[in-house]
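Trainee: A structural model of the following input is requested.
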Amino acid sequence: MTSTEAPKSGAKDAQPDHLGHVIFITAAAAMGGFLFGYDSSVINGATVAIQHKFDVNADVLGWIIASALLGCAVGAAVAGRLADRIGRIRCMQIAAGLFAISAVGSSLPFAAWDLTMWRVIGGIGIGMASVIGPAYIAEVAPPAYRGRLASFQQAAIVIGIAISQLVNWGILNMADGDQRGKVGGLEAWQWMLGVMVIPALLYGLLSFAIPESPRFLISVGREAEAKKVLAEVEGEGIDLDARAAQIEAGMRSEHKSTFKDLLGGKFGFLPIVWIGIFLSIFQQLVGINVIFYYSNQLWQSIGKDPSSSFLYSFETSIVNIIGTVIAMVFVDRIGRKPLAIIGSTGMAIALFTCAWAFSYRTGSGDNVSLPNAQGLTAIIAANAFVLFFALSWGVVVWVLLGEIFPNRLRAAALGVAASAQWLANFAITKTFPSMSEWSLTGSYIIYGAFAAISIPFVMKFVKETKGKALEEMG
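Mentor: Numbering: from 1, shown residues only. Okay, the predicted model is just below:
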């Protein structure tokens, strides 16, 4: 045994004494996902009004909507290193503050450019939270529960989507169904964006009620506090001294990860980093966020009235929640890879079916429709797509990104992978308005092709991580 090895601690089979407390900690950390979901969907209710308010074309509208995702990429890129310096909790608080500022600014813009700026600021906060949430949850969750607890990130996203749809629907009714209708001196769409300040403040407050990551505490010499947290989340039954020594030994054998550490592979990055990047990219290139950013506009484009389009969007968000619950039940039972493969297959079939249905669209401008059979097929296929995404890639990618990287690379690699995810999200979100004007059928064929390509990628390159301790990775 070398000097850096630590005795067995029993962490792999750890059972927390108070699982409810661990769930609360996880849910609080996952509030960053709630902010992302809320922002993704709340802007959906304002796209038509923003386009009319500022008299912008589809290309400029795409920039306004997608600009937040550029901020997300920046936030994700800096979050890992920042968290290693100031701690996970402080990063959460900064993220909450940025998002709150963004909510207020976005609700009171005087031009398209400053609305874009406020969305970028909010995006930075969301990007930070997207890295810190999964990393923090992976660090505090007992291995036996880690998959299900890591699923809270995606659960928070889909709940945020659903709640924002309900809030938008309520505000729209108060404005007599008009996104630009006045409510208390402001237009309805301004209230939709401004209400985001409430979950931002809640996220900030919850961050004061949860403990710092034991790994960060040990890294800064606060071992007694780390053992206290480990006892809370993994149970008094484990050998706390051995567990702390295990974590410390792992950190002694590594150094603070930097971008340079990720290099050295045949194609620049190390192979494991490329796997994380492609997991992130495939999650977005299937077009999932088109449904949540533009679904109201999408359903209106095939002849549904605004009120009906909001109801269709809310119904889709419920399907999203159902799929996420299914994933949370099975991610630790059947594993990450099987869920990903099942989801990719279902998504590809659903997307190609959507492409077929939209090929029957007739009319132009505001006077478009689908035949009844194709319209019903499009709605069913779109919901099937969301269901298969939610029960697979929506959860699995967040879980894997918190698990697949070895300790010496985790912070920097997770930042790069998350940045890739946001950039891919930006590309899809920015291009969809123009692509939909070109061809909805063509758009869905492209998204379906990416879903199909992801199947052999997972089968060949992704390793199963179910049940393994983080110290075993790499």
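
Trainee: who does the host helix or strand of V458 touch, helix- and strand-wise?
Mentor: Per DSSP states H and E, V458 falls inside helix 440-461. Applying 3 or more C-beta pairs under 8 Å, 6 or more residues apart in numbering; DSSP states H and E, one finds that helix 440-461 contacts helix 271-285, helix 336-358, helix 410-438. Where C-beta positions appear, they are placed from N, C-alpha and C, glycine not excepted.

Trainee: since we're on G184, how many residues are nearby?
Mentor: 7 (other C-beta atoms under 10 Å).

Trainee: how close does it sit to I171?
Mentor: From G184 across to I171, the span is 10 Å (C-beta to C-beta, to the nearest Å).

Trainee: shaky segments in the stretch 251-400 of the chain?
Mentor: By pLDDT under 70, the low-scoring segments of the stretch 251-400 of the chain are 251-258, 265, 292-312, 363-368.

Trainee: which neighbours do G184 and I171 share?
Mentor: Shared contacts of G184 and I171, defined by C-beta atoms under 8 Å, 6 or more residues apart in numbering, comprise W191.

Trainee: would you mind confirming that A382 makes contact with C354?
Mentor: Yes - using C-beta atoms under 8 Å, A382 is in contact with C354, at 6.0 Å.

Trainee: skipping adjacent residues, who's closest to A327 in space?
Mentor: In this structure, A327 finds its nearest non-sequential neighbour in V395, 3.8 Å apart by C-beta to C-beta, 6 or more residues apart in numbering.

Trainee: got a list of what that neighbour touches?
Mentor: Each residue near V395 by C-beta under 8 Å, 6+ apart is listed here: 150-151, 154-155, 324, 327-328, 331, 339.

Trainee: if we use 7 Å, what do you get?
Mentor: 151, 154, 324, 327-328, 331 (C-beta atoms under 7 Å, 6 or more residues apart in numbering).

Trainee: tell me the most packed of those residues, by neighbour count.
Mentor: Q154 (28 neighbours).

Trainee: give me the element that one is part of.
Mentor: Here Q154 is assigned to helix 152-174, by DSSP H and E.

Trainee: so which elements touch that helix?
Mentor: Contact partners of helix 152-174 among helices and strands, from 3 or more C-beta pairs under 7 Å, 6 or more residues apart in numbering; DSSP states H and E: helix 31-42, helix 112-140, helix 188-194, helix 306-330, helix 393-401.

Trainee: quick check: next helix or strand after the third one?
Mentor: Which is helix 188-194. Counting by DSSP H and E, the next helix or strand C-terminal to helix 188-194 is helix 197-207.

Trainee: buried stuff in that next one?
Mentor: Across helix 197-207, burial judged by 16 or more other C-beta atoms under 10 Å covers 197, 199-200, 203-204, 206-207.

Trainee: would you say N407 is within a helix?
Mentor: No - counting by DSSP: H, G, I helix; E, B strand; the rest coil, N407 falls outside a helix, being coil.

Trainee: would you list the phi and psi of S392?
Mentor: Main-chain dihedrals, S392, degrees, to the nearest 10: phi -140, psi -90.

Trainee: just V183 next, same as before
Mentor: Main-chain torsions, V183, degrees, to the nearest 10: phi -140, psi 110.

Trainee: from W189, how far out is it?
Mentor: Taking C-beta to C-beta as the measure, V183 and W189 are separated by 10 Å.

Trainee: equivalent analysis for R408, please.
Mentor: From R408 across to W189, the span is 47 Å (C-beta to C-beta).

Trainee: tell me which of those two has more neighbours.
Mentor: Between R408 and W189, counting by other C-beta under 10 Å, W189 is the more crowded of the two (28 against 17).

Trainee: so what's that one up against?
Mentor: Neighbouring residues of W189 by C-beta under 7 Å, 6+ apart: 45-46, 49-50, 179-180.

Trainee: switch to 10 Å and redo it
Mentor: Shown in contact with W189 (C-beta atoms under 10 Å, 6 or more residues apart in numbering): 42-43, 45-50, 52-53, 106-107, 168, 171-172, 175, 178-181.

Trainee: count of residues packed around A175?
Mentor: When neighbours are defined as other C-beta under 10 Å, A175 has 20 of them.

Trainee: now do the contacts for it.
Mentor: Contacts for A175 (C-beta under 10 Å, 6+ apart) come out as 49, 181-183, 186-189, 191-192.

Trainee: let me know the closest of those residues to S419.
Mentor: Checking the contacts of A175 against S419 by C-beta to C-beta gives M192 as the nearest, at 27.9 Å.

Trainee: count of neighbours near that closest one?
Mentor: 28.

Trainee: check W63 too.
Mentor: For W63, the neighbour count with other C-beta under 10 Å is 18.

Trainee: for A135, which of the helices and strands packed on helix 440-461 is the nearest?
Mentor: Using C-beta to C-beta, the nearest of the helices and strands packed on helix 440-461 to A135 is helix 410-438, at 5.8 Å.

Trainee: show me what the closest one is packed up against.
Mentor: helix 31-42, helix 58-86, helix 112-140, helix 271-285, helix 288-300, helix 393-401, helix 440-461 (3 or more C-beta pairs under 10 Å, 6 or more residues apart in numbering; DSSP states H and E).

Trainee: the third one vs helix 152-174, what angle?
Mentor: The reference is to helix 112-140. Counting by axes from the mean of the first three to the mean of the last three C-alpha atoms, to 10 degrees, helix 112-140 lies at 150 degrees to helix 152-174.

Trainee: just the buried positions in helix 112-140, please.
Mentor: 112, 115-140.

Trainee: run the chain-centre distance for it.
Mentor: Here helix 112-140 is found 10 Å from its chain centre; the criterion is C-alpha atoms, centre = their mean, to the nearest Å.

Trainee: same thing with the shortest one?
Mentor: For helix 393-401, the distance from its own C-alpha centre to the chain's C-alpha centre is 9 Å (C-alpha atoms, centre = their mean).

Trainee: that one to helix 112-140, inter-axis angle?
Mentor: 60 degrees.

Trainee: circling back: next one: the helix holding Q154 to chain centre, how far?
Mentor: The answer for helix 152-174 is 15 Å, by C-alpha atoms, centre = their mean.

Trainee: buried by neighbour count: which residues of that helix qualify?
Mentor: Under the neighbour-count criterion of 16+ other C-beta under 10 Å, helix 152-174 has 152-165, 167-169, 171-172 buried.

Trainee: what's the spacing between A420 and Q284?
Mentor: In terms of C-beta to C-beta, A420 sits 9 Å off from Q284.

Trainee: name the surrounding residues that touch stretch 348-355.
Mentor: Stretch 348-355 is contacted from outside by 286-287, 377-389, 439-455, using C-beta under 10 Å, 6+ apart.

Trainee: separate out the buried members of those.
Mentor: Buried subset of the contacts of stretch 348-355 (neighbour count, 16+ other C-beta under 10 Å): 286-287, 377-379, 381-389, 440-441, 443-448, 450-452, 454-455.

Trainee: and the nearest residue to Q165 once chain neighbours are set aside, what does it touch?
Mentor: Ranked by C-beta to C-beta, 6+ apart and with sequence neighbours excluded, the top spatial neighbour of Q165 is F314, at 4.2 Å. For F314, the contacting residues are 41, 161-162, 164-166, 168-169, 295, by C-beta under 10 Å, 6+ apart.

Trainee: and with 8 Å instead?
Mentor: Contacts for F314 (C-beta under 8 Å, 6+ apart) come out as 162, 165-166, 169.
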